[in-house]
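In: Pasting the sequence and the predicted model now:
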Amino acid sequence: MAEEKYYATGKRKTTVARVWLKPGGGTIEVNKRAFDDYFPRETLRMTVLQPFELTNTMGQFDVYVNVNGGGISGQAGAIKHGISKALLTYNEKYREVLKKAGFITRDPRVKEKKKYGQRGARARFQYVSLPFLFFPGGGIVKIGIIGASGYTGEELVRLLARHPRVEIAYATSERFAGAAIAEIFPSLKGIIDLRLSKLSVQRIAAEADFIFTALPHGTAMGVVEECIKAGKKVVDLSADFRLKDPALYERWYGKHSCPDLLRKAIYGLPELYRDEIKKGQLVANPGSTGVILALAPLLEKGMIATSGIVVDAKSGVSGAGRNPSVTNLFCEVAEGLTAYGVAKHRHTPEMEQELGSRAGKEVHILFVPHLIPITRGILCPIYAATNGELPTEQLYEVYQRRYGKEPFIRLCAPGTFPSTMEVRGSNYCDLGAMVDHRSGNLIVISAIDNLVKGASGQAVQTMNLMCGFPETMGLEQVPLAP
């Protein structure tokens, strides 16, 4: 059987690069020399690797290159061109993203000359901008995790340990300070060699470029404020920055110590606030992802009533956190189904705030969550009255237009509905919907993994946007089934 290879020729001015891709582990040779040896400057290596970054194929191919002519920068550009064309021979689906980035064109200045003229083209930067190059460390972002010994902290470590553009530099736990992460979470042994430390904002600011805070509400706000003052970008996984109105926060949680930051924080749902997140310094990770994604398109179009919405959620036990309590013991949870926080759950104002902004007026939600005997997952059946006749086909058209190009939202086929088992361990949100014409009500059901799309996975998705990485980087795990 013939060996599987993909060949292309890349060019840049007087430089020609002949590129072969072979499925493998990521080895790169240039003129029979090691990649790092041939391109000692990291910026040039980053240039060469850009096509793999954009197509999320980093580390999936061995690359062999024969390049001649031109200077070292021109050779990097020619190789990038060749890799882009070779990826197209492997899979044509990459054409749109590579074309949009200008990687398929032999010399981006060809386009620039048409738009800006000869002199203007020469003056312009010729490569796609990479914001993450401007972090200290030349493209590898050093991560700090404050509160790494809970379930969301563990999930952050699991996801970030295999992220190609980050390094976990510092992780804290007051309870387990001094212990190795793999001692606390044996599933991570052999994956990460790092010991947990007591919190020192000064130290984490010195050692990390980007910070995740996974602390309880009320505790996080002061730590986040110090990190922001130190000039760091922060994703906060607590509830401390989700609500915009300090008075509303005080009503549900208690007094807020830094209300100015509360107003400036970006709500971290990329599907709704992608552009704002990219520019943000502080992002509040959502607590009600599945509900908001399910209802936002319909409220934007005025297709359902803004009052009388019922959210009948079912949540796995990991959503209650890792600290032991009687209500979370096996014998208390197994073989049972329990409602909690009935009509007073603290996620209610968050849902009403975000969905009200989509509807352009107040939204009222009756939220009844239930604890079910599974480890991971949230299933949210939602019921709402329709505003007039609403065919199920029209319903799906609205969802398709809103989410059709979203990488982490999957629409179930009409007549089918999602299951927590089908998203387990992944960053997907699955949606299924129908209209019950007998009662005139909409039924929409969402399913997410509460630790991934409901928490840490979404936080990593947000970090990718804030750092200029491809949004899906490090998050393309296939759901675990069965």
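Out: Ah, there it is. Numbering: from 1, shown residues only.
In: How about the backbone phi and psi for Tyr383?
Out: phi -130, psi 130 (degrees, to the nearest 10).
In: What is the neighbour count of it?
Out: Number of residues near Tyr383 (other C-beta atoms under 10 Å) recorded here: 17. For every residue, glycine as well, the C-beta is placed using N, CA and C.
In: roughly how far out does whichever strand or helix holds Lys99 sit from the chain middle?
Out: For Lys99, the host element (DSSP states H and E) is helix 95-101. Relative to its chain's centre, helix 95-101 lies at 21 Å (C-alpha atoms, centre = their mean, to the nearest Å).
In: and that helix, what does it pack onto?
Out: helix 42-55, helix 72-90 (3 or more C-beta pairs under 8 Å, 6 or more residues apart in numbering; DSSP states H and E).
In: What mean pLDDT does that helix get?
Out: Computed over helix 95-101, the mean pLDDT rounds to 87.
In: next helix or strand past the lowest-mean-pLDDT helix or strand in the chain?
Out: Across the helices and strands of the chain, mean confidence by mean pLDDT, DSSP states H and E is lowest for helix 109-123: a mean of 47. As assigned by DSSP H and E, the chain's next helix or strand after helix 109-123 is strand 141-146.
In: quick one: strands adjacent to that following strand?
Out: Each strand paired with strand 141-146, and its direction, by DSSP bridges: strand 166-172 (parallel), strand 210-213 (parallel).
In: export the first one as CSV, just CAs?
Out: To tie it back to what came earlier, the one meant is strand 166-172. The C-alpha trace of strand 166-172 is given here as CSV (Å, rounded to 0.1, in the frame of the first residue of the first chain):
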residue,chain,number,x,y,z
VAL,A,166,-0.2,27.8,26.8
GLU,A,167,1.9,26.6,29.7
ILE,A,168,0.4,26.3,33.2
ALA,A,169,2.9,28.2,35.3
TYR,A,170,1.1,28.6,38.6
ALA,A,171,-1.8,27.0,40.3
THR,A,172,-3.2,27.7,43.8
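In: quick one: contacts of the helix or strand just after that strand?
Out: Next along the chain after strand 166-172, taking DSSP H and E as the criterion, comes helix 181-184. With C-beta atoms under 8 Å, 6 or more residues apart in numbering as the test, helix 181-184 has contacts from 148-149, 154, 157, 171, 173, 176, 188-196.
In: ok, now stretch 312-326?
Out: Contacts of stretch 312-326 (C-beta under 8 Å, 6+ apart): 149-151, 290-291, 327-328, 332-333, 337, 367-383, 420, 450-451, 454.
In: Please narrow these to those residing in helices.
Out: Among the contacts of stretch 312-326, the residues falling in helices (DSSP state H) are Tyr151, Gly290, Val291, Glu332, Val333.
In: Please list all residues in contact with Lys22.
Out: Glu3, Glu4, Lys5, Tyr6, Phe61, Asp62, Val63, Tyr64.
In: Sitting in helices, which of these do you find?
Out: Using DSSP H, none of these sit in helices.
In: Make a ChimeraX selection of whichever of those turn out to be buried.
Out: Selection of buried members from the contacts of Lys22 for ChimeraX, criterion 16 or more other C-beta atoms under 10 Å:
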select :6,61,62,63,64
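In: Need the winner for burial among the helices and strands packed on helix 95-101.
Out: helix 72-90 (a mean of 23; mean count of other C-beta atoms under 10 Å).
In: for the record, mean pLDDT for it?
Out: Per-residue scores along helix 72-90 average to 92.
In: Restricting to C-alpha, output that helix in PDB.
Out: C-alpha atoms of helix 72-90 as PDB (Å, rounded to 0.1, in the frame of the first residue of the first chain):
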ATOM      1  CA  ILE A  72      15.400  33.400   5.800                       C
ATOM      2  CA  SER A  73      12.200  35.400   6.100                       C
ATOM      3  CA  GLY A  74      11.200  34.700   2.500                       C
ATOM      4  CA  GLN A  75      11.900  31.000   3.000                       C
ATOM      5  CA  ALA A  76       9.500  31.000   6.000                       C
ATOM      6  CA  GLY A  77       6.800  32.700   3.900                       C
ATOM      7  CA  ALA A  78       7.300  30.200   1.000                       C
ATOM      8  CA  ILE A  79       7.100  27.200   3.400                       C
ATOM      9  CA  LYS A  80       3.900  28.600   4.900                       C
ATOM     10  CA  HIS A  81       2.500  29.000   1.400                       C
ATOM     11  CA  GLY A  82       3.500  25.400   0.600                       C
ATOM     12  CA  ILE A  83       2.000  24.000   3.800                       C
ATOM     13  CA  SER A  84      -1.300  25.800   3.100                       C
ATOM     14  CA  LYS A  85      -1.500  24.300  -0.400                       C
ATOM     15  CA  ALA A  86      -0.600  20.900   0.900                       C
ATOM     16  CA  LEU A  87      -3.300  21.000   3.500                       C
ATOM     17  CA  LEU A  88      -5.800  21.700   0.700                       C
ATOM     18  CA  THR A  89      -4.700  18.500  -1.100                       C
ATOM     19  CA  TYR A  90      -5.400  16.700   2.200                       C
END
